[in-house]
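Novice: Fold the following.
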Amino acid sequence: MYTYKQIGIVSYPIFLSLLAQNIINVTNTAFLGHVGEVELGASAMGGLFYICAFTIAFGFSTGSQILIARRNGEKKYTQIGPVMIQGVFFLLALAAVLFGLSRLFTEDLMRLMISSDVLLDKTIDFLDIRVFGFFFSFMNVMFRALFVGITRTKILTINAILMAVTNVILDYVLIFGKWGFPEMGIKGAAIGSVMAEIISILFFVTYTYHKVNLEKYGLNKLRAFDWGLLKRILNISIFTMVQYFVSMSTWFMFFVAVERLGQRELAVANIVRSIYMVLFIPINSFSTTTNTFVSNTIGAGYTEKVLPIIKKIAGLSFVFMACISAVVCLIPRTLVSIYTNDPSLVDASVPSLYVISAAMLVCSIGSIAFSGVSGTGNTRSALALELITLSFYVAYLYFIAVHLHMPVEICFTTEFVYFTGLFILSTIYLKKAKWQDKKI
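Specialist: Take a look at the predicted model:
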């Protein structure tokens, strides 16, 4: 069974790669928080719209990663490259479709979601540029799936640093108009984000060509489009694609509900969401490791070791997040002050930060258990569990936010509902369902 050291070796680079991806959102929020509350709210709505589309690609890459990890565990290395290549073809086509739809219908869609005309105009300014990132971020997730699937995750660390540094520098220069560049505000944030994704994909392509054994992994031949292989990938990925999209869409619904409480409440929610996304990164890295280890273990024929692996990673995740949550609760105002210098906004954000910190403890084990379900290859079942949980989430959100108009910190208690439900259903599935002989 995998040791804590092996879990750490794989999880740490994944953590850094996820940190880099989230630094884009965190940097946008932190810098725009010093520009104005309207820009802060617009980046929240625009960023969530982008992430909703991005999660479709991420779901596909997760399914691909499960398949790559299974082939890696089976030592069928030459079958890994075709999965990677077909995945890139598919995601580029998907990026083109989503880009076209976004350019045509985004304004009409956002008009239904946003009640403030000023906020709407800034959100559209952001998205008109940000959606160009689809082409690059969609390819990025396939390279991440490749390196995580073959447990060669150290390279993700370098890519993470490169992407993060690029985004921070460009955001600073373009948002505030430094070093001779014009002051572009929210448009500068969008440009900086897209450029960071371009730099990331150029690095991945260059590294793979020069440092990866292309012949061993079947990456040395650019194959024609293979519908049969794509269909096999989609048999796993389609459910994770829908799962991630639906999950993120309900998160978007959360902000639509909060936006109707007021501009200040939306600003608070955006700040706390940004901190929440950072707090979630270690959990996400442990979840990705769970996904990969479970799939590799089943591929190697050791199904009896799957549950002990999940329990070990869940325990490590809980201890890690308990420490982080304690630190957050000790310095809440310091963390919020990164995003705004408005004392009243800082004070308004602290209660929600306490709620999120507590929710992270439930999240730390619920997310791991759910990733264990996905790692078995039973993505259809994982989607079913997600949909059941989200139905309770949406009902609770509607009741407290729309019907009762509760404060934003009470609205954030939806995270307890979500992750508690996910943990209970995933645990029942792993203990009772017949997943051991699932073929992918």
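Novice: and the end-to-end length of stretch 125-139?
Specialist: This stretch, stretch 125-139, spans 24 Å end to end (C-alpha to C-alpha, to the nearest Å).
Novice: Centre of the chain to it, how far?
Specialist: Its chain's average C-alpha position is 16 Å from that of stretch 125-139, according to C-alpha atoms, centre = their mean, to the nearest Å.
Novice: And stretch 226-233, by the same measure?
Specialist: Distance, stretch centre to chain centre, for stretch 226-233: 25 Å (C-alpha atoms, centre = their mean).
Novice: which parts of it are buried?
Specialist: Neighbour-count burial for stretch 226-233 flags 229-230, 233 (criterion: 16 or more other C-beta atoms under 10 Å). Where you see a C-beta, it was placed from the backbone N, CA and C, and this is true even at glycine.
Novice: Sitting in strands, which of the residues you listed do you find?
Specialist: If you go by DSSP state E, these have nothing in strands.
Novice: and after the helix or strand of the chain with the lowest mean pLDDT, which helix or strand comes next?
Specialist: Taking mean pLDDT, DSSP states H and E as the measure, helix 4-32 is the helix or strand of the chain with the lowest mean score, a mean of 68. The element immediately downstream of helix 4-32 (helix or strand, assigned by DSSP states H and E) is helix 37-73.
Novice: The residue in the chain sticking out farthest from the centre: what secondary structure?
Specialist: Most distant from the centre of the chain: Gly180, at 34.2 Å, with distances by C-alpha atoms, centre = their mean. Assigned with DSSP: H, G, I helix; E, B strand; the rest coil, Gly180 falls in the coil class.
Novice: give me phi/psi at it?
Specialist: Note on Gly180: backbone dihedrals following degrees, to the nearest 10 are phi 90, psi 0.
Novice: any chance you could map the helices in the stretch 101-250 of the chain?
Specialist: Ranges of helices within the stretch 101-250 of the chain are 117-130, 134-149, 154-176, 186-211, 227-259, based on DSSP state H, counting those that start in this stretch.
Novice: and of those helices, who's closest to Leu383?
Specialist: Nearest to Leu383 among the helices of the stretch 101-250 of the chain is helix 227-259; the distance by C-beta to C-beta comes to 4.2 Å.
Novice: Kindly provide the distance from the nearest residue to Ile124 once chain neighbours are set aside to Leu361.
Specialist: Spatial nearest neighbour of Ile124, excluding adjacent residues (C-beta to C-beta, 6 or more residues apart in numbering): Glu107 at 5.4 Å. The spacing between Glu107 and Leu361, counted by C-beta to C-beta, to the nearest Å, is 40 Å.
Novice: hmm, back to that, I'd like the buried residues of stretch 226-233 as TSV, with pLDDT and distance to Val26 appended.
Specialist: Below are the buried residues of stretch 226-233 laid out as TSV (pLDDT from 0 to 100; distance: C-beta to C-beta, whole Å):
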residue	pLDDT	distance to Val26
Leu229	80	37
Leu230	82	34
Ile233	82	32
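Novice: Adding distance to Ser247, write the residues you listed out as CSV.
Specialist: Shown next, in CSV, are the buried residues of stretch 226-233 (distance: C-beta to C-beta, whole Å):
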residue, distance to Ser247
Leu229, 27
Leu230, 24
Ile233, 20
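Novice: So which of those is the closest to Phe203?
Specialist: Nearest to Phe203, judged by C-beta to C-beta, of the buried residues of stretch 226-233 is Ile233 at 24.7 Å.
Novice: residues in contact with the nearest residue to the closest one once chain neighbours are set aside?
Specialist: The shortest distance from Ile233 to any non-neighbouring residue, by C-beta to C-beta, 6+ apart, is to Ser64 (5.8 Å). Residues near Ser64 by C-beta atoms under 8 Å, 6 or more residues apart in numbering: 83-84, 87, 142, 145, 149, 233, 236-237.
Novice: how about a cut-off of 7 Å?
Specialist: Contacts for Ser64 (C-beta atoms under 7 Å, 6 or more residues apart in numbering) come out as 83, 87, 142, 145, 233, 237.
Novice: about what we covered before: burial of the residue nearest to Ile124, as a residue count?
Specialist: Neighbourhood size, Glu107 [other C-beta atoms under 10 Å]: 15.
Novice: Quick check: it vs Gly315, distance?
Specialist: On the measure of C-beta to C-beta, Glu107 and Gly315 end up 48 Å apart.
Novice: re the thing from before, now, among the buried residues of stretch 226-233, which is nearest to Ile298?
Specialist: Nearest to Ile298 out of these is Ile233 (C-beta to C-beta; 17.5 Å).
Novice: if I look at the closest one, how far off is Arg380?
Specialist: For Ile233, the distance to Arg380 (C-beta to C-beta) stands at 14 Å.
Novice: Okay, and Val417 sits in which element?
Specialist: Val417 is part of helix 414-432, with elements assigned from DSSP H and E.
Novice: One more: Ala395?
Specialist: Counting by DSSP H and E, Ala395 is part of helix 379-397.
Novice: Quick check: what element follows that helix along the chain?
Specialist: Going down the chain from helix 379-397, the next helix or strand is helix 408-411, by DSSP H and E.
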